[in-house]
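S.K.: with the sequence up front, the predicted model follows.
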Amino acid sequence: SNWLVSFQLSKTPGGSAMNIAGGDALTISDVFIDYLKYKSLGWANRAAGDETTNPGPSFLSEPIIDVAQFQDRLVLSTESSVNFSGVADHSNFFRTTVRDANDADPFSIIPATDDGALIKHTVPYKDKLVVLTANSQHVVSGQGGAFAASTVQILPASRATADLFAEPAAVGDSLFIPYT
């Protein structure tokens, strides 16, 4: 079974929250803390099309490497792609129709790397999502401010060898990425 775990980092009003999603490896059945809440996360079924016209996201066949939230979408990254849920529909990773393009529908992107590097982290930073591999960093955003499959762009930002054992951290106006 799959689980979605939510916990408050601060008990004060307006405190920040963090969400973690995972598969069978996430076991929390013995953890009961007054501010820890968890529930089973069911994925939405394919409402339109078939495996050819509306294929499943890559995380159904590859391990989830990183989890984020960006532009009111749940972001699940595998080593090869970044999968965005539907807008405000975090359990839906299938398009709602195969005839028309709907800006609120889920989509996936693959960073173009010439070295075949695998995705290691995805970090929301300001109004962009930074995708990190061992040797390159990419910036994901929407053209004209809108973020949808029809406007998404992923551009190389830098080529540097990052130490990806430590997670990058967005603090204030800065993004800290450990380098080797």
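M.R.: Yep, it's here.

S.K.: point to the residue nearest the middle of the protein.
M.R.: Geometric centre of the chain, nearest residue: V75, 1.9 Å, by C-alpha atoms, centre = their mean.

S.K.: direction included, what does the strand or helix carrying that residue pair against?
M.R.: Using DSSP states H and E, V75 maps to strand 73-77. According to DSSP bridges, the neighbouring strands of strand 73-77, each with its direction, are strand 66-70 (antiparallel), strand 82-84 (antiparallel).

S.K.: can you name the residues in contact with the last one?
M.R.: The reference is to strand 82-84. Strand 82-84 has contacts (C-beta atoms under 8 Å, 6 or more residues apart in numbering) with 57-59, 70, 73-77, 93, 106-111, 119, 122, 129, 131, 140. For the C-beta atoms, the positions are set from N, CA and C on the backbone; glycine is no exception.

S.K.: do stretch 48-59 as well
M.R.: 46, 76, 78, 80-81, 83, 93-98, 106, 108.

S.K.: quick one, what contacts the closest residue to G142 other than its chain neighbours?
M.R.: Closest residue to G142 apart from its sequence neighbours, by C-beta to C-beta, 6 or more residues apart in numbering: T151 at 4.3 Å. The contact partners of T151, by C-beta under 8 Å, 6+ apart, come to 103, 142-144.

S.K.: for V75, see how far away T151 is.
M.R.: According to C-beta to C-beta, to the nearest Å, T151 stands 16 Å off from V75.

S.K.: so where's this structure shaky on pLDDT?
M.R.: The chain contains residues with pLDDT under 70 at 1-41, 113-116.
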